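1. A structural model of the following input is requested.
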Amino acid sequence: MRNYYSGNIIADKSKSFALRIIKLYKFLTSEKKEYILSKQVLRSGTSIGANVKEAIRGQSKPDFYSKMNVALKEASETEYWLELLHESGYIEPAHFNSIYADCQELIKILMAITKTQNSGS
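-> Residues are numbered from 1 along each chain as shown. So this is what the prediction gives:
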C-alpha cells in the first residue's frame, strides 16, 4: 500500500497515529469490553488524519488552515479520551505513555501549523 503523502510529516504521523488508535479500539472492545469511551477515541483519533488529508487537498489557504484547525481540535479531544481511559484503568501506564506522547506530538505540530496562519503568513 503506497502512502501518497510520504515525506509530509503531519500526514505520515497522523496516519500512523490513526492506525495505533484502531488497534487500541480493537483491544478495548475485545479484551476490556469497553464500548463507549473506545468509540469516542476511535472517532476523534482517526479524524485527525482525515482532516489533515483534506487540508492538503484544500482549495485555498483559508481552507487548508480551517481543516488543520479542525485536526488540532480532534487531537485535543483525543488527548482527553486517552486521559479518561488511562485514569479509569482501561489503559496500562506504559501503553498510555507511548500513545499519549504521540498525541501530544501531533498537537505540537498542528499548533505550529495553525500558528503560522495566525501570524499572518
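
2. hey, let's count contacts and neighbours off CA atoms from now on
-> Noted.

3. Walking through this structure, point out its helices one by one.
-> 9-30, 36-56, 61-87, 93-118 (DSSP state H).

4. Could you list the buried residues of the second one?
-> Taking 16 or more other C-alpha atoms under 10 Å as the basis for neighbour counts, the residues of helix 36-56 that come out buried are 37-39, 41-56.

5. Residue ranges in the chain under the pLDDT threshold?
-> Applying pLDDT under 70 to the chain flags residues 1-6, 118-121.

6. at 90 what do you get?
-> 1-7, 116-121 (pLDDT under 90).

7. What separation do you get for the residue lying closest to residue 71 once chain neighbours are set aside and residue 21?
-> Of all residues not flanking residue 71 in the chain, residue 48 sits nearest, at 4.5 Å (C-alpha to C-alpha, 6 or more residues apart in numbering). From residue 48 over to residue 21 the distance is 11 Å, taken as C-alpha to C-alpha, to the nearest Å.

8. And residue 34, by the same measure?
-> For residue 34, the distance to residue 21 - C-alpha to C-alpha - is 14 Å.

9. So for these two, which sits in the more crowded spot?
-> Using other C-alpha atoms under 10 Å as the criterion, residue 34 and residue 21 rank with residue 21 on top: 22 against 16.

10. I figured residue 78 was touching residue 41, is that so?
-> Yes - in this structure, residue 78 is within contact of residue 41 by C-alpha atoms under 8 Å, at 5.6 Å.
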